[in-house]
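Peer 1: Sequence and predicted structure are below.
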Amino acid sequence: MPTTKLFDPYDPAVQDDPFPIYEILRQERPCYRDPEGRFFAISRDRDVREALRDHETYSNAGGIILGQDLAGTPPSMVVMDPPEHTRLRGLVSRAFTPRRVAALEDRLRASVDEFVDAFEGERRVDLVPAFADLVPVRAISDIVGVPTEEREQFREWADRMIGEPGTERGTEALLQCFAYFAAALEERRTAPRDDLMTAMVEVEVDAEHLSVEEQVGMVLLLFFAGIETTVFHMTNIAYELGVRTDVQQRLREDPSLIPDAMEEILRFDAPVQGDIRTLRRDVELHGETMREGDVVLVLLGSANRDPDVFERPDEFEITRRPNRHLTFAAGAHFCLGAPLVRLEQRVAVEQLLARMPPFRVDPTARRRHLHGPFMRGFESVPVEFD
């Protein structure tokens, strides 16, 4: 039956501050039916967590972006369900190992120092282009094996692919990326290097390898997820530390608190606020009937503020434990890159706070809106140093 329009993920006002709407949804419409019939939205932690873990009901195979067209895209485990997803993730995990991520720490720390060197001594700097944009690109490029001189091009492609999905420019960027990685992976077959692309070519489990298309699809997924979502998270870190100068001071005095503080930023203002699932069967939930084939918005950002799970969920607490946020999702599709994100955020904040004096965010900081409704980050975080 028709309902009053309460929640529109494409509304800039909602994107600027979705949390009051999330609270209304959790309390009054925990299974919200879009009056235009585009989607349902679930907002309580229990329901979101169950959906993420129940791939037999809530499927990824229909895409994870509202209105996404999967035609012509390379195979990617992010739009697969088990058992196909299980097979592909098992192979990829042999290449994208915790050891490979941990080995990046020294290079990453040196890179962060290089970025800080460029603005050390300045009284004012925008931490997005000077810092948040650079750290994730350097980290994932070093792991994947993208040369320094080509990284700026990839950032531009990533912006078009994620910011303009389905458009001519977005599709063109995807095809350019596909062609680049296909050629680079082919080169690794005869000239291996110490990088993730070589590992993707060589990985083997029970005499099974990744197909060429699977290799390209996985490198694309890891590379661009490692850029866009992590860049947004780094902008959120810069902003939160700049407006919460008391928190910033505590972390300067006790750097051992940095990992917990970073987890709280992931919960409090997740760079990805939601995900998409397509129903494989009818579901009755909170008085609503969702039919097979319906699209369900799984609101991670709302689950992260659910008072049934988190005490004082709208307060920022750097010592919050346990912190059972769902920013990295859950179940079969738990974020493969979570260890890399955690390494990047820890090293970046350790070096920034150790090298630079206290800073405050200028009130002109601007949120960045993309075509996709669930990405939250900043286009600009101008700060002034004491």
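Peer 2: Done, it's in.
Peer 1: Return the helix or strand in this protein with minimum mean pLDDT.
Peer 2: strand 366-367 (a mean of 74; mean pLDDT, DSSP states H and E).
Peer 1: and it, how far out from the chain's middle?
Peer 2: Counting by Cα atoms, centre = their mean, to the nearest Å, strand 366-367 is centred 18 Å from the centre of its parent chain.
Peer 1: Return the set of buried residues in the next helix or strand after that strand.
Peer 2: The first helix or strand that comes after strand 366-367 along the chain, using DSSP states H and E, is strand 378-380. Using 16 or more other Cβ atoms under 10 Å as the test for burial, strand 378-380 gives 378, 380. C-beta here means a position set from N, CA and C on the backbone, and glycine is covered the same way.
Peer 1: Could you do stretch 303-317 as well?
Peer 2: So, applying 16+ other Cβ under 10 Å, buried residues of stretch 303-317: 303-306, 309-310, 313, 316-317.
Peer 1: and if you look at stretch 91-104?
Peer 2: For stretch 91-104, by 16+ other Cβ under 10 Å, it's 91-92, 95-96, 100-101, 104.
Peer 1: ok, those residues vs F223, which is closest?
Peer 2: F223 lies nearest to F96 out of these, by Cβ to Cβ, at 11.2 Å.
Peer 1: before we move on, the earlier item: what's the least confident helix or strand of the chain packed up against?
Peer 2: With contacts defined as 3 or more Cβ pairs under 8 Å, 6 or more residues apart in numbering; DSSP states H and E, strand 366-367 has these neighbours: strand 378-380.
Peer 1: what about the strand it packs on, distance to the chain center?
Peer 2: 16 Å.
Peer 1: what is the mean pLDDT for that strand?
Peer 2: Mean per-residue pLDDT for strand 378-380: 89.
Peer 1: again, but for stretch 223-239
Peer 2: Rounded mean pLDDT across stretch 223-239 is 89.
Peer 1: Alpha carbons of it, in CSV - could you do that?
Peer 2: Written as CSV, here are the backbone C-alpha positions of stretch 223-239 (Å, rounded to 0.1, in the frame of the first residue of the first chain):
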residue,chain,number,x,y,z
PHE,A,223,41.9,-1.1,-6.4
PHE,A,224,38.9,1.2,-6.6
ALA,A,225,37.3,0.2,-3.3
GLY,A,226,40.8,0.8,-1.8
ILE,A,227,40.7,4.4,-3.2
GLU,A,228,37.2,5.8,-3.1
THR,A,229,35.8,4.4,0.2
THR,A,230,39.1,4.8,2.0
VAL,A,231,39.6,8.4,0.8
PHE,A,232,36.1,9.3,2.1
HIS,A,233,37.0,7.7,5.4
MET,A,234,40.2,9.6,5.6
THR,A,235,38.4,12.9,4.9
ASN,A,236,36.0,12.0,7.8
ILE,A,237,39.0,11.3,10.1
ALA,A,238,40.5,14.7,9.2
TYR,A,239,37.2,16.4,9.9
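Peer 1: so who does the closest residue to R291 other than its chain neighbours touch?
Peer 2: Counting by Cβ to Cβ, 6 or more residues apart in numbering, D282 is the residue found nearest to R291 once chain neighbours are left out, at 5.4 Å. D282 makes contact with 289-292 under the criterion Cβ atoms under 8 Å, 6 or more residues apart in numbering.
Peer 1: between these, which is nearest Y10?
Peer 2: For these, the nearest to Y10 is M290 (20.7 Å; Cβ to Cβ).
Peer 1: Tell me where the chain is predicted with low confidence.
Peer 2: 1-4, 65-75, 162-163, 165-166, 204-207, 368-372 (pLDDT under 70).
Peer 1: In it, where's the longest helix?
Peer 2: helix 212-243 (DSSP state H).
Peer 1: And the next helix or strand past that one?
Peer 2: Criterion used, DSSP H and E; the element after helix 212-243 is helix 245-253.
Peer 1: D194: how many residues sit nearby?
Peer 2: 9 (other Cβ atoms under 10 Å).
Peer 1: which residues in the stretch 101-250 of the chain form strands?
Peer 2: 124-126 (DSSP state E, counting those that start in this stretch).
Peer 1: follow-up on the earlier one: kindly present the buried residues of stretch 91-104 as JSON lines, with separate columns for secondary structure and distance to A191.
Peer 2: Below are the buried residues of stretch 91-104 laid out as JSON lines (DSSP: H, G, I helix; E, B strand; the rest coil; distance: Cβ to Cβ, whole Å):
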{"residue": "L91", "secondary structure": "helix", "distance to A191": "22"}
{"residue": "V92", "secondary structure": "helix", "distance to A191": "22"}
{"residue": "A95", "secondary structure": "helix", "distance to A191": "17"}
{"residue": "F96", "secondary structure": "coil", "distance to A191": "21"}
{"residue": "R100", "secondary structure": "helix", "distance to A191": "19"}
{"residue": "V101", "secondary structure": "helix", "distance to A191": "24"}
{"residue": "L104", "secondary structure": "coil", "distance to A191": "22"}
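Peer 1: Show me which of these is closest to R324.
Peer 2: V101 (22.7 Å).
Peer 1: Relative to E213, which of the contacts of D282 is nearest.
Peer 2: Of the contacts of D282, the one sitting nearest to E213 (Cβ to Cβ) turns out to be E292, at 28.9 Å.
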